[in-house]
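1. Generate a structure from the sequence data that follows.
(one chain, ligands or ions: 1)
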Amino acid sequence: MAEPAEVRNIKVLVVDDEAMIREILTDFLEVEGYVVHAAGNGREAIEALDREPYDLVLSDLKMPELDGLALLSHIHERELDPVVVMMTGFGTVETAIEAMKKGAFDYILKPFKVEEVIQVMERGLERKRLIRENIQLKEAVTLYKLTEAIGSTLSLNRVLDLAMKVVEDELSPDFTALCYRDKPSRPIELRLTRTPKSGGLKLTLGEEHFGRLQQFVDADAPILLNNEHVGIVLEGAGEDVARARSFMAVPLRMDGKLSGYLCVGSANPNRRYNEGQRRLLAIIGSKAGIAIDNARLYEDLKRMFRETIQGLAMALEAKDDYTRGHSDRVTEYSRMIAIGMKLPQRDVEIITNSGLMHDIGKMGIAPEELHKPGKLTDDEYERLKKHPEMGARILGPVSFLEEVVPGVIHHHERWDGQGYPAGLKGEEIPLPARVLAVADAYDAMTSDRSYRKALGHDMAVSELRKHSGTQFDPRIVEVFIHEIERLRLGMTQAA
Ligand SMILES: [Fe+2]
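-> Sure thing, here's the model as predicted:
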């Protein structure tokens, strides 16, 4: 049983050209607790609807100036959502049915009993309540999914992609933009925009627009603009501004500070955004802000750790003139091979990082053994052979360095299974390790060592070829030779 109407504060617009019917309905509905406003024809009704929202419109069908059907079309065009109940005489039942096809909830035949009117109205209001709850539930589920997904990834791109997708699913915009500052000291910039293929709005937001948005934020005013008002923010954002019918934006806060905006625009006259949708966007914006913050902190942490490792690798090499720059060169050669093999960006990154850290395990070896000019004793050699495993032990416990462990631990394996530490063979050897083996060997051969002089490029290449298929993965040898020749050719041409 619904609560009494006065508790629910239900606003009803009664529209009829007969004063008598208007008065009877108004009096009766007011006694029943509804808040009632009356209009004498369709045009007056439109004015009333433009002034404030109504929960229900009770309208006559046949009226001078603007009839019930035209009023219904107007309600539909403006995307208003009152329950519409039509009143009609016997002669116009067919028109009443037509009205229901156009979205009216029901019709009442004149003459009617007022109790009957209340019954139909209450059924309509109940249905509206259910629809609204359903929408709220759907939104709640979507937001829950977004929160879950954001919580489960720290990749900034993935987070942004998700947030944009939720905005698109929920608000069907013709323009979506994410603008934020990279670092606290940097200005806000347009980072990501999406426009659907047909009917999309191409808008270029810059400093002047962010300045205007900031004024709204400073005044604590919601940024929701419809019709000609969109220009207040969008003026100067390109030719498509003239096509924009609705625009809203919510601030993104990172680390508690205003750091950007999530904006959407619509070019569809029937899709003007409302306050409820703006709040939905605000929730998505707040989740996106937190996620960008987290992802950025994680990126910083990763970068710091990588720099630390790089520092350690340099410290390791600095003690020895012969190996100085070795890790950097191996890193470069490894990256070159990975790109030459057309591997996905993610794999290129893993292989590059593995190159940087491949010999980090040598930190555990005494410097006098590591840089001994003469031949190593068997014991010393056995200890040196432990450096890949030592490296894995250093890097393994750090969660985001786990991915470089396979390359580091297996970079001395051989294609024929005669390498160490595991004696893996062929494609059993992780790809990063096979890449590193070639890069490492080439750099070792072309650098001076304490026990021999450097080989020239041609000699090193012919050595790689000689051991291709026994020590090295033949495919990688070919890619490396192809890429390094190209690089050297480029360098001679440039010189
Ligand atoms: Fe090594």
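
2. Which residues are in contact with the residue positioned nearest the centre of the chain?
-> The centre of the chain sits closest to Leu160, judged by C-alpha atoms, centre = their mean, with a distance of 1.8 Å. By C-beta atoms under 8 Å, 6 or more residues apart in numbering, the contact list for Leu160 reads Leu178, Arg191, Leu192, Ala288, Ile292. Where you see a C-beta, it was placed from the backbone N, CA and C, and this is true even at glycine.

3. what about it, is that helix, strand or coil?
-> For Leu160, the assignment made with DSSP: H, G, I helix; E, B strand; the rest coil gives helix.

4. Quick check: phi and psi at Asp67.
-> When quoted as degrees, to the nearest 10, the phi and psi of Asp67 stand at phi -90, psi -180.

5. Likewise for Lys113?
-> phi -90, psi 140.

6. now it: how far from Ile24?
-> From Lys113 over to Ile24 the distance is 11 Å, taken as C-beta to C-beta, to the nearest Å.

7. neighbour-wise, which of those two wins?
-> Ile24 (14 against 9; other C-beta atoms under 10 Å).

8. Asp67 versus that one, what's the distance?
-> From Ile24 to Asp67 the distance is 21 Å (C-beta to C-beta).

9. Same check on Met20?
-> Distance of Met20 to Asp67, given as C-beta to C-beta: 19 Å.

10. more neighbours, these two?
-> Taking neighbours as other C-beta under 10 Å, Met20 and Asp67 compare with Asp67 leading, 20 against 8.

11. Would you confirm that the more buried one contacts Ser73?
-> No. The criterion here is C-beta atoms under 8 Å, and Asp67 misses it with Ser73 at 10.1 Å.

12. So what's the model's average confidence on stretch 81-99?
-> Averaging pLDDT along stretch 81-99 gives 84.

13. So what would you say the end-to-end distance of that stretch is?
-> 15 Å (C-alpha to C-alpha, to the nearest Å).

14. Only the buried residues of that stretch, if you could.
-> Neighbour-count burial for stretch 81-99 flags 81-88, 92, 95-96, 98-99 (criterion: 16 or more other C-beta atoms under 10 Å).

15. One more: stretch 300-312?
-> Quick answer for stretch 300-312 (16+ other C-beta under 10 Å): Arg306, Ile309, Gln310.

16. As a markdown table, those residues with secondary structure, pLDDT and distance to Asp443 would be great.
-> As requested, those are exported to a markdown table (DSSP: H, G, I helix; E, B strand; the rest coil; pLDDT from 0 to 100; distance: C-beta to C-beta, whole Å):
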| residue | secondary structure | pLDDT | distance to Asp443 |
| --- | --- | --- | --- |
| Arg306 | helix | 76 | 20 |
| Ile309 | helix | 73 | 18 |
| Gln310 | helix | 76 | 17 |
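
17. between those residues, which is nearest Ala48?
-> Closest approach to Ala48 among these (C-beta to C-beta): Arg306, at 64.9 Å.

18. what about the closest residue to that closest one other than its chain neighbours, distance to Met20?
-> In space, and not counting its chain neighbours, Arg306 is closest to Asn353: 6.8 Å by C-beta to C-beta, 6 or more residues apart in numbering. Relative to Met20, Asn353 is positioned 84 Å away (C-beta to C-beta).

19. now do Glu463
-> From Glu463 to Met20 the distance is 107 Å (C-beta to C-beta).

20. One more: Val12?
-> Distance from Val12 to Met20, by C-beta to C-beta: 18 Å.

21. and if you look at Arg212?
-> 52 Å.

22. Also Ile135?
-> From Ile135 to Met20 the distance is 39 Å (C-beta to C-beta).

23. Pro251 in helix, strand or coil?
-> Pro251 - assigned by three-state DSSP - is strand.

24. Does it touch Asp218 like I think?
-> No. Counting by C-beta under 8 Å, Pro251 sits too far from Asp218 to count as a contact (10.4 Å).

25. Looking at the two, which one has more neighbours?
-> Pro251 (20 against 9).

26. pLDDT at Ser321, what is it?
-> Careful, residue 321 is Asp; it's not Ser. 63.

27. quick one: low-confidence parts of the chain?
-> In the predicted model, the chain carries pLDDT under 70 at residues 1-7, 90, 150-154, 319-323, 450-451, 492-495.

28. Could you list the buried residues of stretch 112-127?
-> Those would be Val117, Val120, Met121, Gly124, Leu125, for stretch 112-127 by 16+ other C-beta under 10 Å.

29. now stretch 342-352
-> Leu343, Asp347, Val348, Ile350, Ile351, Thr352.

30. Also stretch 160-173?
-> Leu160, Leu162, Ala163, Met164, Val166, Val167, Glu170, Leu171, Pro173.

31. Likewise for stretch 279-294?
-> Those would be 280-285, 287-294, for stretch 279-294 by 16+ other C-beta under 10 Å.

32. Now render the residues you listed as a markdown table, adding distance to Ile481 and secondary structure.
-> Formatted as a markdown table, the buried residues of stretch 279-294 follow (distance: C-beta to C-beta, whole Å; DSSP: H, G, I helix; E, B strand; the rest coil):
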| residue | distance to Ile481 | secondary structure |
| --- | --- | --- |
| Leu280 | 57 | helix |
| Leu281 | 54 | helix |
| Ala282 | 57 | helix |
| Ile283 | 55 | helix |
| Ile284 | 51 | helix |
| Gly285 | 52 | helix |
| Lys287 | 50 | helix |
| Ala288 | 47 | helix |
| Gly289 | 49 | helix |
| Ile290 | 49 | helix |
| Ala291 | 44 | helix |
| Ile292 | 43 | helix |
| Asp293 | 46 | helix |
| Asn294 | 43 | helix |
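
33. hmm, which two among those are most spread apart?
-> Leu280 and Asn294 (21.8 Å).

34. list the contacts for Ile337?
-> Residues counted as contacts of Ile337 (C-beta under 8 Å, 6+ apart) are Ile351, Val435, Val438, Ala439, Ile476, Val479, Phe480, Glu483.

35. can you check Pro388 too?
-> Pro388 makes contact with His358, Gly361, Val408, Ile409, His410, His411, His412, Tyr420, Pro421, according to C-beta under 8 Å, 6+ apart.

36. How many neighbouring residues does the spatially closest residue to Leu72 that is not a sequence neighbour have?
-> Of all residues not flanking Leu72 in the chain, Lys102 sits nearest, at 5.1 Å (C-beta to C-beta, 6+ apart). By other C-beta under 10 Å, the residues close to Lys102 number 15.

37. Distance-wise, check Lys102 relative to Ile484.
-> 73 Å.

38. What of Ala366?
-> Applying C-beta to C-beta, the value for Ala366 to Ile484 is 34 Å.

39. which residues of the stretch 201-350 of the chain fall in strands?
-> In the stretch 201-350 of the chain, the strands defined using DSSP state E, counting those that start in this stretch lie at 223-226, 246-254, 257-266.

40. Could you export these as a markdown table, including distance to Phe28?
-> Shown next, in a markdown table, are these (distance: least, C-beta to C-beta, whole Å):
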| stretch | distance to Phe28 |
| --- | --- |
| strand 223-226 | 36 |
| strand 246-254 | 38 |
| strand 257-266 | 41 |
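
41. Quick one: closest of those to Asp379.
-> For the strands of the stretch 201-350 of the chain, proximity to Asp379 was assessed by C-beta to C-beta; strand 246-254 is nearest, at 55.4 Å.

42. Tabulate the buried residues of stretch 160-173 (a markdown table), appending secondary structure and distance to Gly490.
-> Output for the buried residues of stretch 160-173, formatted as a markdown table (DSSP: H, G, I helix; E, B strand; the rest coil; distance: C-beta to C-beta, whole Å):
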| residue | secondary structure | distance to Gly490 |
| --- | --- | --- |
| Leu160 | helix | 36 |
| Leu162 | helix | 41 |
| Ala163 | helix | 41 |
| Met164 | helix | 39 |
| Val166 | helix | 46 |
| Val167 | helix | 44 |
| Glu170 | helix | 50 |
| Leu171 | helix | 49 |
| Pro173 | coil | 46 |
